[in-house]
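Participant: Provide a 3D model corresponding to the input given below.
(3 chains)
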Amino acid sequence: MIEVKNMKKSFKQFEVLKGLDLNVKHGEIYGFIGKNGAGKSTTMNILAGLSKPTDGVCLVGDVNVSNIMQPSELDLGYLPEDPKFYPWFSAYETLVYLGDSGLERIKPRRIHEILEWGGLLNDKDRRVGTFSRGMKQRLGICSAILHDPSLLILDEPSSALDPQGRNDVLQLIKGLKEMGKTVLFSSHILNDVERVCDKIGIIASGKMVLEKSLKNLEQSHFQSVYDVIFEDVITETTVNCIKSSARVLGTETKEQVMVIKMEEGHESVRSLMQILIDNDLKIVGFNRRKHTLEDIFIKEVHGL
Amino acid sequence: MKSDIMKELRMGIRTSKFLVITASFLFFAILTPIMMKFILPQLLLNQFQGMEEATISQMLDMSQKGSLLGYMSDLFEIGTIVVVFALSGLLAQEIKENTLVLPICSGKKLFSIVTSKLVVFSIFLILASTLGMVICYLYAGVLFAFDIELWSVVVIGLLYGGYMIFLLNLVMLFGTIIKSSIGTGFMTLGFSLFLYFIGSYLDVHMYLPSGLLISAQNILANQSYQNLGVTLAISIILVLMISKITHMRLEHREWNER
Amino acid sequence: MNTIELTGEMFIMLLPLVAIQLGLTIYCVIKIMKEGVENLNKWAWIAICIFLNLIGPITFLIVGRKRDI
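Facilitator: Purely as a prediction, here's the structure:
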């Protein structure tokens, strides 16, 4: 759906994107994360056709962004970071206005449906100027899907909102997936990304540092560290028992809980279980530690 | 195009742009003849005790023609300021606040957006200044006497409207250069006054849009239509050129940057 | 004769002017109370609209109106 290769973008002397690669497949929800100023909005602006890359290839659908005359030539809906509406329009009038592109005119019935989907039907005749931030964001998503595009580019749709507003927006994004749309959205709230995305891309100082599906990411970021909870308070003999195994690198005990660090590798789960069973230890809980998205993010962004 | 025109109409009504301009045009159209008839003579009488009424009527052009001339200078001095500042945000604000991003992404054409603005407000300005002129004509006619033909007053109104359209185009052009609407307003006023003084100083009004104002005065003063054709042609070409540049500047913009 | 005399004729001719002025002022005061203001204090705008003929309401409508409504 989106294919970006070695995209560069400079503003005057300042190079914001330094050879970015990005791939979004059909039907995916792609979470685009990065710190403020890493180049997220610049990338999305280019993908939406609002500005041109300085160098590199950027295909949206099958259209090269560099060759278009107008953003509307791309089959996509775009929600800017801070969507601006005419404050003197009502929500309904806004969608009627945006829905008339000269070529096609969206029918009032569809506008009502979209407003209902976005939870704005009761406020359709209120001036947009009186809307809260969350309502404007929802109206923005409504206007992005107005022309029924197959791809949606949402720039920080949930970041500036309160928990309720964020939840509403994330529900709408999930709804988009059910409609079979491809969604690319950026955020710096990793929790939001984890909740709805299939795939994430981490951008740092103008380059993509990691691009993986969330499933793969979770597997590859399991640590070989386990928290084992024993039935009784752990004795010296138990510790020695476990330490004697060749694959155990170290242990740490606190009352009933023992933190065991194993050798790296896929087999570490099995070998630890083997040790526990062989020694006939009574355990009540077993947990393998996992890097959180935050850990991964910090490691990828700062660890390079 | 139709939805863009509807949008501009709604904007003009809801942000009271139409109201501000109409009200100030009408206010002066009524005020000027009244000033001429009642207030100025009495002020002069108070100032110079013992002056005879005949002398005063020699000093002041106390007639329908005089009122209209007074109204025309009011329109030039105050009307233009009101028009420029009421309309200064027309493009500047849209660019500054990024309100054009969503329409562009929804397939709106810049050409259609700019043209709708120009069409809606040009027609409005023409109507407003002609209406103001006619009201002033009627009022002054009732207070003094009807000594001018109505149709020449309408022509004067149209010419003043034409000058306002020139200002409108300037506001749009400067709006693409300066992002603040107040700045755009001052820039437009400064530039138009500069042109006016160049016109007076070098006596080249006929080659400038300010010639429209001079022609209007000539029509009123001595029914002379001299040079009007040249001025009109130049003004129309200038207005078309400015709107073309405005459109080109918008086409070559990158949107939504910070 | 130091003041300007208000004759009946003059009064009738002045009526439309007063109507425009009064109408604008009332319109602006309602807007100020209902929608709020920008750039200046609410009461300052009300004072400007009432005491400055024409210029007051017009200045308010151009720079004082709340943008978001």
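Participant: What confidence value was assigned to the nearest residue to residue A:293 once chain neighbours are set aside?
Facilitator: The shortest distance from residue A:293 to any non-neighbouring residue, by Cβ to Cβ, 6 or more residues apart in numbering or on different chains, is to residue A:190 (4.4 Å). For every residue, glycine as well, the C-beta is placed using N, CA and C. As predicted, residue A:190 sits at a pLDDT of 79.
Participant: for chain A, longest helix please?
Facilitator: helix A:163-178 (DSSP state H).
Participant: List the buried residues of that helix.
Facilitator: A:165-166, A:168-170, A:172-173, A:176-177 (16 or more other Cβ atoms under 10 Å in any protein chain shown).
Participant: now it, how far from the centre of its chain.
Facilitator: 12 Å (Cα atoms, centre = their mean, to the nearest Å).
Participant: Get me the contact residues on chain B for chain A.
Facilitator: B:1-3, B:6-7, B:10-11, B:14-15, B:97-99, B:101-109, B:112, B:254-258 (Cβ under 8 Å from any Cβ of the partner chain).
Participant: restrict the residues you listed to those near chain C?
Facilitator: Answer for the residues of chain B next to chain A near chain C (Cβ under 8 Å from any Cβ): residue B:15.
Participant: Please pick the buried ones from the residues of chain B next to chain A.
Facilitator: Using 16+ other Cβ under 10 Å, the buried ones in the residues of chain B next to chain A are B:3, B:6-7, B:10-11, B:14-15, B:97-99, B:101-109, B:112, B:255-256.
Participant: quick one: the helix ranked longest in chain C near chain A?
Facilitator: The single longest helix within chain C, with elements called by DSSP H, is helix C:8-35. No - legend: contact between helix C:8-35 and chain A by Cβ under 8 Å from any Cβ is lacking; minimum distance shown is 9.1 Å.
Participant: For that helix, buried residues please.
Facilitator: Buried residues in helix C:8-35, counting neighbours by 16+ other Cβ under 10 Å, are found at C:10, C:13-14, C:16-17, C:20-21, C:24-25, C:27-29, C:31-32.
Participant: Pop out the phi and psi values for the residue nearest to the spatial centre of chain B.
Facilitator: In chain B, the centroid-proximal residue (Cα atoms, centre = their mean) is residue B:164; its distance is 2.9 Å. Dihedral angles of residue B:164 (phi, psi; degrees, to the nearest 10) stand at phi -60, psi -40.
Participant: do you know how far it is from residue B:200?
Facilitator: Distance of residue B:164 to residue B:200, given as Cβ to Cβ, to the nearest Å: 19 Å.
Participant: What of residue B:96?
Facilitator: Distance from residue B:96 to residue B:200, by Cβ to Cβ: 35 Å.
Participant: same check, this time on residue A:150
Facilitator: 62 Å.
Participant: what does residue C:37 give?
Facilitator: For residue C:37, the distance to residue B:200 - Cβ to Cβ - is 40 Å.
Participant: And the two? Which one has more around it.
Facilitator: residue C:37 (20 against 13; other Cβ atoms under 10 Å in any protein chain shown).
Participant: Please name the bridge partners of that one.
Facilitator: residue C:65 (DSSP bridges).
Participant: in terms of contact, does it touch residue C:63 like I think?
Facilitator: No - Residue C:37 is not in contact with residue C:63 according to Cβ atoms under 8 Å; the separation is 9.8 Å.
Participant: contacting residues for the closest residue to chain A within the stretch 51-200 of chain B?
Facilitator: Proximity of the stretch 51-200 of chain B to chain A (Cβ to the nearest Cβ) peaks at residue B:107, 3.0 Å away. Counting by Cβ atoms under 8 Å, 6 or more residues apart in numbering or on different chains, residue B:107 touches A:70, A:72, A:101-103, A:147.
Participant: Just say helix, strand or coil for it.
Facilitator: coil (DSSP: H, G, I helix; E, B strand; the rest coil).
Participant: quick one: the most centrally placed residue in chain C from residue C:57, how far?
Facilitator: Centre of chain C computed as the mean C-alpha position; nearest residue by Cα atoms, centre = their mean is residue C:25, 3.2 Å away. From residue C:25 over to residue C:57 the distance is 6 Å, taken as Cβ to Cβ.
Participant: got a list of what the residue of the stretch 151-300 of chain A found nearest chain C touches?
Facilitator: Nearest to chain C, among the residues of the stretch 151-300 of chain A, is residue A:160, at 16.3 Å (Cβ to the nearest Cβ). Counting by Cβ under 8 Å, 6+ apart, residue A:160 touches A:82, A:133, A:137.
Participant: what's it sitting at in phi/psi?
Facilitator: Taking degrees, to the nearest 10 as the convention, residue A:160 sits at phi -90, psi 10.
Participant: what residues are up against residue 63?
Facilitator: All of this refers to chain A. A:73-75.
Participant: My question was about chain B, not that one.
Facilitator: So residue B:63 contacts B:140, B:144-145, B:147 (Cβ under 8 Å, 6+ apart).
Participant: If you rank those residues by neighbours, which is first?
Facilitator: residue B:140 (30 neighbours).
Participant: element containing that one?
Facilitator: helix B:110-143 (DSSP states H and E).
Participant: Now do that helix: which elements does it pack against?
Facilitator: helix B:2-14, helix B:17-34, helix B:64-74, helix B:89-96, helix B:150-177, helix B:228-251, helix C:8-35 (3 or more Cβ pairs under 8 Å, 6 or more residues apart in numbering or on different chains; DSSP states H and E).
Participant: Take the ones you listed and lay them out in JSON lines including mean pLDDT.
Facilitator: Below are the helices and strands packed on helix B:110-143 laid out as JSON lines (pLDDT from 0 to 100):
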{"stretch": "helix B:2-14", "mean pLDDT": "92"}
{"stretch": "helix B:17-34", "mean pLDDT": "91"}
{"stretch": "helix B:64-74", "mean pLDDT": "89"}
{"stretch": "helix B:89-96", "mean pLDDT": "89"}
{"stretch": "helix B:150-177", "mean pLDDT": "93"}
{"stretch": "helix B:228-251", "mean pLDDT": "92"}
{"stretch": "helix C:8-35", "mean pLDDT": "85"}
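Participant: Relative to residue A:255, which of these is closest?
Facilitator: For the helices and strands packed on helix B:110-143, the distance to residue A:255 is smallest for helix B:89-96, at 62.5 Å, taking Cβ to Cβ.
Participant: what does that closest one rub up against?
Facilitator: Under Cβ under 8 Å, 6+ apart, the answer for helix B:89-96 is B:99-100, B:114, B:117, B:121, B:168, B:171-172, B:174-176, B:178-181, B:183-184, B:246, B:250, B:253.
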